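Got a predicted structure plus its sequence, pasted below:
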Amino acid sequence: MKKDLLTTTRLSVNEIESILDQAQLFSEGMLWQPKQKTFVANLFYEPSTRTKSSFEVAERRLGLEPIPFEVQTSSVQKGETLYDTVRTLESIGIGAVVIRHGEDAYYKELSGNVGIPVINAGDGCGHHPTQSLLDLLTIRQEFGRFRGLKVAIIGDIAHSRVARSNAEVLERLGAEVVFSGPPEWFNTEVGGKNQRFVQIDEAVAGADVVMLLRIQHERHMGGEKTDLEDYHLRYGLTVSREREMKQGSIIMHPAPINRGVEIADSLVESNRSRIFKQMQNGVYVRMAVLRRALENMEGGNKHVIADQKWPIAY
Amino acid sequence: MKKDLLTTTRLSVNEIESILDQAQLFSEGMLWQPKQKTFVANLFYEPSTRTKSSFEVAERRLGLEPIPFEVQTSSVQKGETLYDTVRTLESIGIGAVVIRHGEDAYYKELSGNVGIPVINAGDGCGHHPTQSLLDLLTIRQEFGRFRGLKVAIIGDIAHSRVARSNAEVLERLGAEVVFSGPPEWFNTEVGGKNQRFVQIDEAVAGADVVMLLRIQHERHMGGEKTDLEDYHLRYGLTVSREREMKQGSIIMHPAPINRGVEIADSLVESNRSRIFKQMQNGVYVRMAVLRRALENMEGGNKHVIADQKWPIAY
Amino acid sequence: MKKDLLTTTRLSVNEIESILDQAQLFSEGMLWQPKQKTFVANLFYEPSTRTKSSFEVAERRLGLEPIPFEVQTSSVQKGETLYDTVRTLESIGIGAVVIRHGEDAYYKELSGNVGIPVINAGDGCGHHPTQSLLDLLTIRQEFGRFRGLKVAIIGDIAHSRVARSNAEVLERLGAEVVFSGPPEWFNTEVGGKNQRFVQIDEAVAGADVVMLLRIQHERHMGGEKTDLEDYHLRYGLTVSREREMKQGSIIMHPAPINRGVEIADSLVESNRSRIFKQMQNGVYVRMAVLRRALENMEGGNKHVIADQKWPIAY
């Protein structure tokens, strides 16, 4: 059976723990390869070198062969539907697709309709499940548990792909989540009924995990256009706020970082920061997710098309 | 001896049958690899994700190593000739080049002058021999022969890379070809002396193979600008026209498909459609063509440059 | 210890000879592979298909796995520093980076700060050490020595990445260097104290190596805008100037070539030309440089981040 990964919301706690277990084993050197040569395609309709490179490394560590797919020059430009593109890739023998796309829930037209697994690498303002899972792995490595942890998610919560799904899954796993940042970037539909918006100093000082979100200049150009230095002082992790953090607490950020905006330059590689460790964990999580998608597909997708032929004696 | 693939027109019937035989064997699981590590470069001066991905998969199935070549940032931008670009690739050890280029017969400056085989992946409004060959393979798989088959080629015949060369080669192989579509897109020089232009309903109803061509919005922007719904009703494969098709007849399309224009949405994956099978066959045909190009090249292209040196004692 | 390659100026004569020895051995078929799967990333912030393809081939001949990195869509566009980009690549397990960048000495922020070797594939108007080394290898293959050779470097000396560093290193190796070309493109700071600017006919007739530089249309658009035919007659290697060249002397050019501008079309592949041999040597030099960078890194860069974790019992 093919195993898509579309959102963390759809994953049960058991499934999440199982992916994290696999990722942990990969981080400790576990090897796994599919039994036959397996091609994958990374379809990034929105730029993301970091996530794409991370998938590429994960794929190659598993011995998979990524086939280059350049969105800028693809048939999507000629009006081809995403469904037809994925069916094409399936036809030429691709075993799984990793997709980032600007449209929320783009995967709805694919899931259940195409014969190969779809791994969501980010959809619009929707989900980014491998980012969520790497965040979870980093937290679990640090604390050995989720239950009872206090996590503060800080920044542009309304537009973040991971803020809401991280909050949802962290609460399911037993952590307590608070939000902070500019109040105008928060709305109650983001957090569930139990979630609280708190002032930045309180959020930072009370948290085991300070999870910063990236300011997306792209989205805030017109209108509000927050002044960056001002943002840092009001909502950023400044050197003085960091001094108030709990013993043993950690700093996370999905990157790319705006140094001096969401976080003081000197804190990016401080003892408390797990930012580069998150990136490292991203590879292990993606290896786990790819294995999960592919290991029940062995034998490939040939059957889908191979007998597409009229009987010869019509 | 190096074996270019430039047009199907230059291939004898025996050569065509031999390529199709090899492709058929690859489709049945035949393995072949060159004896040494072999690099290839895919030079796509015009975008074509589908054809490019298909070549990439074919190359990797043969154990070849495609070297990325980004035309947008290449020295062609700095005024380098195509000949110098290919000679450069030859110098750095590339074993074969696959080229798509907007200029008709771009390969004339290469063939016979460079030391490595050139595989044409489409030239201007000229040829697209691997597309033709995959069409032939799909037909041969279905009917086991070409002689006596009726093939209707429908659409923008004047601008199609494959309409004319498919017609030429199908007639050489013993099939009967008719054309249909908007009369203004047809001219007698396209079809040879024996070829007939027929009305759409007659073309579809009489054919063993309905070969649809893609409407190229790009080319028809100015001027005529056919309304798409109107095109579908007048020249497309509608649901009602499909009902009149012969028993055992099939539908082909080179893709990308404009659903609802050349073909009704519901027919794209109908029992009669071989559209995705064509894509699958594309990989096997390209494997055959690459093997043909490379298997007499073993030992590589080193000799070309290795002794480019004055005698030391001048 | 990690071994960057930033400039040839920083390399001792012994180090240069050692890289050339290795490159020579690779040209003769020597094999070398790192003991474990090793990823590299080629970061080309300025386009250069030739250099990039050459690195790609070198990497694959060594069994390395290049991870695609598309600068156009990278986080640099989102304001990420080069340092953070390289640290990211290090975090996801990349073993070495090859960088071309438009800024002079861009590597200063990296060298000593990141944990993986940096290979400079060209910085602004600064250096291009692998180009210099491939030029040296080509000369050494031809003459077996540098001492006593006369090298004429001709063209846009002021803006060339290799003119100055080639001159510096050739003089250290015992050759005599003269410059020629448009006087306005030469300034005394380019050549050291001993270097001479001579007229084109004298430069060509007296040289063992005529090293042509590319006219960079890009840089000379506004203002002077040399007429190309006029340039050829006044400063190019014309057919008649070539006739005056010494017996056994050779022609070099870094390419891409402007045929009929820096060099007469008919001379590009003449007996005297080593232009395509330079390209071939580029692969061997890059193999040597990559081996040098990686062979002391075995065991990888894991330690950098692996224990970034608070003690569990805080």
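The structure has been received and is ready for your questions.

Can you get me a residue count around the closest residue to A:Tyr231 other than its chain neighbours?
Spatial nearest neighbour of A:Tyr231, excluding adjacent residues (CB to CB, 6 or more residues apart in numbering or on different chains): A:Val261 at 5.8 Å. In short, each C-beta sits where N, CA and C put it, glycine included. Neighbouring residues of A:Val261 were enumerated by other CB atoms under 10 Å in any protein chain shown; the total is 23.

so who does A:Val261 touch?
A:Val261 sits next to A:Ile215, A:Leu228, A:Tyr231, A:His232, A:Gly236 when contact means CB atoms under 8 Å, 6 or more residues apart in numbering or on different chains.

Angles on the backbone of the spatially most central residue of chain A, please.
Most central in chain A under CA atoms, centre = their mean is A:Gln131, positioned 2.3 Å from the mean C-alpha point. Per-residue torsions, A:Gln131: phi -70, psi -40 (degrees, to the nearest 10).

I figured it hits A:Ala163, correct?
No. Contact criterion CB atoms under 8 Å: A:Gln131 and A:Ala163 do not qualify, at 10.6 Å.

For A:Leu136, which residues are in contact?
Going by CB under 8 Å, 6+ apart, the list of residues near A:Leu136 reads A:Ile16, A:Leu20, A:Phe146, A:Asn166, A:Val169, A:Leu170, A:Leu173.

Of these - the most surrounded one?
Of those, with other CB under 10 Å as the count, A:Asn166 tops at 27 neighbours.

so that one is in which element?
Taking DSSP states H and E as the definition, A:Asn166 sits inside helix A:163-172.

helices and strands around that helix, which ones?
Under the contact definition 3 or more CB pairs under 8 Å, 6 or more residues apart in numbering or on different chains; DSSP states H and E, helix A:163-172 sits against helix A:129-143, strand A:150-154, strand A:176-180.

out of those, which comes closest to A:Met252?
When the helices and strands packed on helix A:163-172 are compared by CB to CB, helix A:129-143 sits nearest A:Met252, at 6.3 Å.

Doesn't A:Glu15 lie inside a strand?
No. Counting by DSSP: H, G, I helix; E, B strand; the rest coil, A:Glu15 falls outside a strand, being helix.

which residues does it contact?
By CB under 8 Å, 6+ apart, A:Glu15 has no neighbours at all.

So for it, what pLDDT did the model give?
The confidence metric pLDDT takes the value 97 at A:Glu15.

Same question for the one 3 residues further on.
A:Ser18 carries a pLDDT value of 98.

Okay, and it sits in which element?
Taking DSSP H and E as the definition, one finds A:Ser18 inside helix A:13-27.

quick one, what contacts the nearest residue to A:Glu103 once chain neighbours are set aside?
Once flanking residues are discounted, A:Glu103 sits nearest to A:Gly124: 5.3 Å by CB to CB, 6+ apart. Applying CB under 8 Å, 6+ apart to A:Gly124 gives the contacts A:His101, A:Gly102, A:Glu103, A:Asp104, A:Ala105, A:Tyr106, A:Arg161.

And A:Phe44, by the same measure?
Applying CB under 8 Å, 6+ apart to A:Phe44 gives the contacts A:Thr51, A:Lys52, A:Val71, A:Ile99, A:Arg100, A:Ala121, C:Thr73.

So which of these are in helices?
In helices, judged by DSSP state H, the following of the contacts of A:Phe44 are found: A:Thr51, A:Lys52.

which one among the contacts of A:Phe44 gets closest to chain B?
Using CB to the nearest CB, A:Val71 comes nearest to chain B of these, at 8.2 Å.

Spell out which parts of the stretch 151-300 of chain A neighbour chain B.
Neighbours of chain B within the stretch 151-300 of chain A, by CB under 8 Å from any CB of the partner chain: none found.

quick one: A:Trp24 from A:Asp84, how far?
That one is not Trp; residue A:24 is Gln. 38 Å (CB to CB, to the nearest Å).
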